[in-house]
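Peer 1: sharing a model prediction with you, sequence too.
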Number of protein chains: 2
Amino acid sequence: MQQHVDTHGFIPITPKAPITASRHGGRAKCLQRLIRMGLPVPPTVALDFDTVRAIALDEFPDLAQLWATFGDDALVSVRPSGEVADWGGPGAILNIGMNDARHAALSARIGCAAANALYAQFVQSYAVQIARLDPEMFEIDISDAPPHLALLAAFEVAMDQPFPQDPVRQLADVLRSMARAWDGTSARLLRQARGAPADAGLGLVVQRMALGVGDAARGESGSGVIQFVDSETGLARLTGRYLSQSQGRAAVMAQPGALFLTADPRGAALQDRCPKIFAQLLSCGELCRLRLREEMQVEFTIDCDELFILDAVRAPRRTRAAVRIAVSLAEDGIIAEPEAVLRVDPAALSDLLHRQIDPAGPRDVLARGIPASPGAATGILVFSARAALDAAAREEDCILVRRETKPEDVRAMHSSVGVLTERGGATSHAAVIARGLGLPCVVGATGIRIDRKARVLITDTGRRFGEGDVVTLDGTTGNILVGRAPLLEPALDDAFQSLLGWADDARDIGVRANADTPAEARVARRFRAEGIGLCRTEHMFFEPGRMTAMREMIFAEAPEDRAAALTRLLPVQRADFTDLFRIMEGLPVCIRLLDPPLHEFLPTTRDGLLDLAEALDLPLSTVTERVTSLSEVNPMLGMRGVRLGIAVPEIYEMQARAIFEAAVAIGGDVAPEVMLPLVSAHREVELIARRVAAVASAVQAETGVTVCYRLGVMVETPRAALRAGDIAGRCAFLSFGTNDLTQMTYGLSRDDAGRFMAPYVAEGVFAEDPFLRLDLDGVGELLTLGATRGRAANPDIVLSLCGEHGADLSSIAFCRAASFDYVSCSPFRVPVARLAAAHLAIRSRQAAPA
Amino acid sequence: MQQHVDTHGFIPITPKAPITASRHGGRAKCLQRLIRMGLPVPPTVALDFDTVRAIALDEFPDLAQLWATFGDDALVSVRPSGEVADWGGPGAILNIGMNDARHAALSARIGCAAANALYAQFVQSYAVQIARLDPEMFEIDISDAPPHLALLAAFEVAMDQPFPQDPVRQLADVLRSMARAWDGTSARLLRQARGAPADAGLGLVVQRMALGVGDAARGESGSGVIQFVDSETGLARLTGRYLSQSQGRAAVMAQPGALFLTADPRGAALQDRCPKIFAQLLSCGELCRLRLREEMQVEFTIDCDELFILDAVRAPRRTRAAVRIAVSLAEDGIIAEPEAVLRVDPAALSDLLHRQIDPAGPRDVLARGIPASPGAATGILVFSARAALDAAAREEDCILVRRETKPEDVRAMHSSVGVLTERGGATSHAAVIARGLGLPCVVGATGIRIDRKARVLITDTGRRFGEGDVVTLDGTTGNILVGRAPLLEPALDDAFQSLLGWADDARDIGVRANADTPAEARVARRFRAEGIGLCRTEHMFFEPGRMTAMREMIFAEAPEDRAAALTRLLPVQRADFTDLFRIMEGLPVCIRLLDPPLHEFLPTTRDGLLDLAEALDLPLSTVTERVTSLSEVNPMLGMRGVRLGIAVPEIYEMQARAIFEAAVAIGGDVAPEVMLPLVSAHREVELIARRVAAVASAVQAETGVTVCYRLGVMVETPRAALRAGDIAGRCAFLSFGTNDLTQMTYGLSRDDAGRFMAPYVAEGVFAEDPFLRLDLDGVGELLTLGATRGRAANPDIVLSLCGEHGADLSSIAFCRAASFDYVSCSPFRVPVARLAAAHLAIRSRQAAPA
């Protein structure tokens, strides 16, 4: 009976051996599964994590006994077996045990040339990887005949001792070297960056070599790699290579003699040369899929017409393929749907929603910045909003380049295919708007300088790119490439839809979209958002015709004049909402009343002021004075939001009327929600709620149609969170605006944070950029306090999060824990949020006691 | 035996009657005390609050029985008796009971003319105040003889019925009218504004008239008012007037025949006419002082040589007098010292610390604004910093007028005697700096427009005041007066010092000063601050020579160049601290490291940029670009405070070195504290603490002197308060900067709040301006959380509050409750804070069970 218990620190892998991934590593466990499936795996021994730790300290198990498992004349390989494959590990070492005696025996069995080559390969590996000798001294020179003799001589010179002949000593050296490499600083940092814990262990597997080289007369020998799905698409397609007289992964290293696996017009195929072995490989793939419940990449060796399966790893895949594979496995009943959902990383999903730069294409990077909105786009450079609009009129794709964007650039952004800014961080104006529009965007570009007057972008290396030059922007990586880079189209195929449908079945928190325009609302609907969680109305006023009325309103002396200017905005605003309500029919639409300070609607340049003076028929000095008097030291903390609504009641009254009239006009199933921004005291809510209710009554009286709406508060000042108890009693919902809440909790403007955020995060002053990842400790506590107090005061209150953090896994986890009703995020991140929410729900059900 | 129990709703006031201020009002209680002292008070009956409430609803006590107390032929008066005199109440009604029958009887006793006058007076009061008839119809015309007949006729015409003859009916009408007047809306609002609760009650006192008019042959009759101290100074001085043949307060209404009380060169005196009665009045004053333990103003009537004391109220007094009176009573052993401390309102104290406009002088108000820093000053108007410096060079007092002040105006503010700004609120830059400097300041002036180019201030009424015109600024009231108004000097006399000394004996929380300059430190020391709680170092860099080095530092390309520029600042900065430490010797000095963003040190005008380009020998474009690149959207939330300290380590290192070298140079008893501004994460504290410690070690190594210091954190972001537990373990003190904390908690910039704060508070959206009165509900909760968590993590942590709220009673109460170690405020508010803290301590000891 075979030895099962690894009291000796090692254990032969057999179907029933007590092998676990958490003690022996993923590779050892996978090999056991292959063995259980009856696949022809050569004899393999696993060394557990503790044994490998001891080996690093020179405490070895009984290696002679271990070796005895393989037989005296065997050669062996050692491969790493970490708990998770992705954590890395030292490279494999092949042909251990090779010495003069075995060389002689092998020469007789497989021929001199093959035996020489194996010996040379082993001496080289040992010298370079184990003895750490100069690689240049151990290059295999095929003119040396036989090559191993030159290498053995070189080894003796370098080490002042002959090459070790004792296989056990060789094995010990290899094991010790691999154990210590795992403890090296760079290996440790690398795997920790990939999520490994500080004490992650390494297992090792020692496997009898299937040689793959030998006398061709005795049959086919060689090695290869086979995979059953396409790594790009995930569709069933046989890929891989086979190389006669080779070992390891030599076949896939673009060797000239390598065969295709299946019949191929480009050259010979294994299918033709060894049909029986090919058939064996196919059934092996099928078996893996069914029993391992995964698409694997399999490493195999043919030794004198006999197939050996050396190893199998999860087939590498891009996100599109990951989705297809998971869905296909679930559709075939091999895995459950929730399992398929868990197989796809939510963060990777956004790759599918946008065009991507083809990784296979050539690239000339002219600058890099912060990737602020994913996707790739090619267009001509334009340096002003005007030029962007002109380009759009010519139907020419353009990339808008600005120092930073302002609300008046939003129209130009609509006309562009991508946005590049010199300043700003991941939550700057440009970034937020671009994400909303689904436009690729790179902000805080380093290594370039923008000369706006000359309309030229100059790199630190002196390259100049002017208006009209073509570049490609990669908002996924932050690269800006010269010229037109090849792009891959987005992939919202049936597999994507199925997976997201299962995600929706699984998740237990709502997902809405932040959408301001009909275009965004359509994207939201396409991505199956359960409503609009945040419709910012300010963008609606930046279109030329509306801007004029807006400015007249600002310049009005009397409330009547203000009301008159606003009356002209009423029909367009009503039309905006009618569009939105129609698109979102049956779903709630949460409309935030006007938020930005009035000076954002006024020009700042002399030309703009002149134009305005002409348009309003006022002296330039009056216009300038009014603009100056409205300017603010800290606009973020100024006369905006509900403060504006209280000071200039006509604005909110017009907006409320537009909302209610639009709802009446639709006549159908509309659930408008009216949200008040920048609240800091409950009395603000009372005042506005009363005015909004009066408008609702008026509209109801005028139309005879019952106006249903809910009024809520955007919690974005720390005080609103602290006083949520007072506020919740006076409204129907609280939506936490984590962008502003983060700014105020940290005392940190997102527009100005770009200057030091990168070094701050690099030096670990902040663990993460709090605008990218919700700060659970500080901002999170305010959310918790706000939610708890709000719910205590009003058990029916609807709670949500509508900041840019809405699609982030940790934010969603936080919101689930706090029993929020929904999160709201950019339309293009809705699928990410749906999937992330599903992951959390499935995992928490898995963790819950049955 | 007399009737004591007021089961009938009224009760005669006797020494043992159960009269309480809380049921019968302060006047009733005071009259009882006068009676107990044996003073000749006419018979008086008190009606309690409940009875008066019932009367308002037409439910009367048995008035016939009440009247029986006074005798059938008496006349009576009714006076209000609210719980607190300051809450107001209806005016007194005299001579009730007058009718044809009594008129006839009185005519016989005191003469026709006197009886006619009394009847006319009563008919007039009744018609106008009770029956609410047109006052014009009831003016007493002395040509009508007898006047009462014309009035009785007028009454009958107006009311279509004769004047009521039944005294009980008259009394009922008067009582009902007064009871209902108390319930009127305007009376209610007025008394609530003075602090009365919504359900404040009114008592009434009915007193038999001492007539004060009568047959001169039968002896002297008349009425007067006497007071024994000066209302302005509080020094013993007899004031008041006496008028023969008069009633009520007629004597003090500047009547031509009124007598002085004591011998006076200006005219005849009661002392000479009635020496015995005068002596009686003097002993009455002495008795009041001893037994009522207060300086009273006494209303008296002489009826046929017989003295009656009708009423006594607390003598009115300005703050200076209040201090003197309280100290004098305590020094005479009449009240205890803590009681004297409680007698003076802390808020009123600041009147004493500054010059005041003489209330008796003439005034021509040209505009009003927000009173931002108390005191008054006269000077010429100047419209630029330059002009202010020029005026100072000419030794001419000037008032600096700006749209708003910036850090670069601070020197000009030092050179001015007052500051007026068009914009800003009570905590704008101008206000904060002016309070620190003790300069009168008015901000947010309404009704004027400043034309900076023409250097002229134009009022809404079209008056123009140019540079050089003299105005007087009243920072206590917010008035701006034309020309040179007469001023009263501040009063820091011995009484003030005694009172504050007793306050220090009583209080149990420390008081430090916010002081940036030697001048401010000297004020702090003079006002006995227990150290400097906040020394803002940025002002130190705005002097011309330093500004240049600062700007060179900002423009330096390499760290070495930065360090070189800073090295030039080191000696001046060291000298700054040496001065401060010398002035504050023996007391702690808490120095906040540089806080403002660097762009505050750069010019914004084209001329300034040109000057700077010349000074630095750089192209204008380079200077402009750098200035632009440093500009921020929201400077309050930008690259400032500890963020600057981390990004440009040389600045804090230079400052730390200057502090430590100054401490070593003093060699004496110096306790420097180093405070980090704008902290939001504990790692910031760790990083800077390490660097500061390195500087301390270096200075210690260089000088051989041990450098002692404490490092602490200014808690001014909501996150720092929430994470105070993390932070407190890494420092020695936490000082809550409530200015910035309020800004961030509300999402409200104090620079921009001026535009809507006044209407916001007026409409009750905010109960108070949170920059003036600490917001206990929101900001206060963050303080509580921060203090609790800080102390839990580090029981030795020193806690304090150093915002502008530091001297406010409610803030100090909050800090005492949270066991803070000290509060810190503007030097000129230190006495206010000392007194307020004493009040709280004394009251809490009084409230504590014995």
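Peer 2: Yep, that arrived.

Peer 1: point out where the stretch 251-400 of chain A drops to low pLDDT.
Peer 2: A:254 (pLDDT under 70).

Peer 1: now the helices: where do they sit in it?
Peer 2: A:270-273, A:275-287, A:319-331, A:337-342, A:346-353, A:385-393 (DSSP state H, counting those that start in this stretch).

Peer 1: which one of those helices is the most hemmed in?
Peer 2: The highest average neighbour count among these, using mean count of other Cβ atoms under 10 Å in any protein chain shown, belongs to helix A:319-331 at a mean of 23. C-beta here means a position set from N, CA and C on the backbone, and glycine is covered the same way.

Peer 1: which other helices and strands contact that helix?
Peer 2: Packing partners of helix A:319-331 (3 or more Cβ pairs under 8 Å, 6 or more residues apart in numbering or on different chains; DSSP states H and E): strand A:222-229, helix A:337-342, helix A:346-353, helix A:494-506.

Peer 1: export these as JSON lines, with columns for distance to chain B.
Peer 2: Shown next, in JSON lines, are these (distance: least, Cβ to the nearest Cβ, whole Å):
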{"stretch": "strand A:222-229", "distance to chain B": "46"}
{"stretch": "helix A:337-342", "distance to chain B": "34"}
{"stretch": "helix A:346-353", "distance to chain B": "25"}
{"stretch": "helix A:494-506", "distance to chain B": "34"}
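
Peer 1: which of these sits closest to A:Arg79?
Peer 2: In terms of Cβ to Cβ, the element of those nearest to A:Arg79 is strand A:222-229, at 14.2 Å.

Peer 1: need the next SSE after the closest one, C-terminal direction.
Peer 2: strand A:236-244 (DSSP states H and E).

Peer 1: which positions in that next one come out as buried?
Peer 2: Buried residues in strand A:236-244, defined by neighbour count with 16 or more other Cβ atoms under 10 Å in any protein chain shown: A:238-244.

Peer 1: on that earlier part again, can you list the helices and strands packed on helix A:319-331 in CSV and add distance to B:Leu772?
Peer 2: Shown next, in CSV, are the helices and strands packed on helix A:319-331 (distance: least, Cβ to Cβ, whole Å):
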stretch, distance to B:Leu772
strand A:222-229, 70
helix A:337-342, 56
helix A:346-353, 48
helix A:494-506, 52
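
Peer 1: where's the residue of chain A positioned farthest from its centre, which helix or strand?
Peer 2: Largest separation from the mean C-alpha position in chain A: A:Ala108, at 55.1 Å (Cα atoms, centre = their mean). In this assignment (DSSP H and E), A:Ala108 forms part of helix A:100-110.

Peer 1: which elements pack onto that helix?
Peer 2: helix A:112-125.

Peer 1: what is the orientation angle of the helix it packs on with helix A:100-110?
Peer 2: Going by axes from the mean of the first three to the mean of the last three Cα atoms, to 10 degrees, helix A:112-125 is angled at 140 degrees with respect to helix A:100-110.

Peer 1: which outside residues touch helix A:112-125?
Peer 2: Contacts with helix A:112-125, where a contact means Cβ atoms under 8 Å, 6 or more residues apart in numbering or on different chains, come from A:75, A:93-96, A:98, A:103, A:106-107, A:138-140, A:146-148, A:151-152, A:155, A:163, A:211, A:213-215, A:245, A:247.

Peer 1: the residue nearest to A:Gly586 when sequence neighbours are not counted and A:Ser800, how far apart?
Peer 2: Using Cβ to Cβ, 6 or more residues apart in numbering or on different chains and skipping residues adjacent in sequence, the residue nearest A:Gly586 is A:Asp669, 4.9 Å away. Counting by Cβ to Cβ, to the nearest Å, the gap between A:Asp669 and A:Ser800 amounts to 21 Å.

Peer 1: those two: which is more packed in?
Peer 2: A:Ser800 (25 against 10; other Cβ atoms under 10 Å in any protein chain shown).

Peer 1: show me the helices in the stretch 551-700 of chain A, by range?
Peer 2: Per DSSP H, counting those that start in this stretch, the stretch 551-700 of chain A carries helices over the ranges A:559-583, A:606-616, A:620-630, A:642-647, A:649-666, A:682-703.

Peer 1: sounds good, over and out.
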